[in-house]
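Engineer: Prediction below, plus the sequence it came from.
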Amino acid sequence: MFLKFISIVLLILGLIFIGFSGYKLINIKFQEKKSLDEAVDVVSGQENFEDHSSELPHSFLKGEVVGILQIPKLDKKLPIIEGTEEEELEKGVGHYSDTKLPGEKDRIFLAGHRDTVFKNMGKIENGDILSIDMATGTHEYEVFESLIVKEDDLSVLQPTSPEEILTLSTCYPFEYLSSTEDRYIINARRIN
């Protein structure tokens, strides 16, 4: 009798866990889609910025949509959100506020969750093209390096001026279900 009771309790807890996880994943996908729609609106305003790139703000407010990251190899278009806290990362790819934006000839640092926006990031290879669409236009980058670093390795945030480098970061290993101490980094050089 006691074992049957324990079995039922464990089954109920398992169903609650699965239900909560499913809800969380659906909510993240909804937030990402909503942010992507907003990013498309922001980027489609680019005719207002032609030859006026100085009009683009040098910083965005936390939570604001910055643009769209395109990863053709993975067939992904991802909204870029200012900030890298959990709230921003649930909406898309987070832009680390202490780094630059496209066109500023320095490091651009973007972070995302390995199980949502940066799922399959390990398939990106040297030579692959990444692009960032913003109101000022499209900025393209060619991947030249991927590496694994510790989560507290700040070298991946160091300035690269005058060279413009796009850095993508996600947790590693990809298959872990909990937080990890390592980060998978992809670096790409500006090509246009």
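Structural biologist: Yes, it's here. In this text the structure is predicted, and so the values were computed from the model without any measurement.

Engineer: Where does the prediction get shaky in this structure?
Structural biologist: When the per-residue scores of the chain are filtered using pLDDT under 70, the ranges that remain are 21, 23-25, 27-36, 39-58.

Engineer: Quick one: the strands in it, in order.
Structural biologist: Counting by DSSP state E, the chain has strands at residues 65-71, 76-82, 93-95, 108-111, 129-134, 137-150, 165-172, 182-190.

Engineer: ok, the fifth one: who's next to it in the sheet?
Structural biologist: Under the criterion DSSP bridges, strand 129-134 sits next to strand 65-71 (antiparallel), strand 137-150 (antiparallel) in its sheet.

Engineer: Would you mind measuring from the closest residue to D182 other than its chain neighbours to L154?
Structural biologist: Taking CB to CB, 6 or more residues apart in numbering, and ignoring the residues beside it in sequence, D182 has Y172 as its nearest neighbour in space, at 4.4 Å. To be clear about C-beta, it is placed using only N, CA and C from the backbone, and glycine gets the same treatment. From Y172 over to L154 the distance is 17 Å, taken as CB to CB, to the nearest Å.

Engineer: Give the bridge partners for V65, please.
Structural biologist: With DSSP bridges applied, the residues forming beta bridges to V65 are I81.
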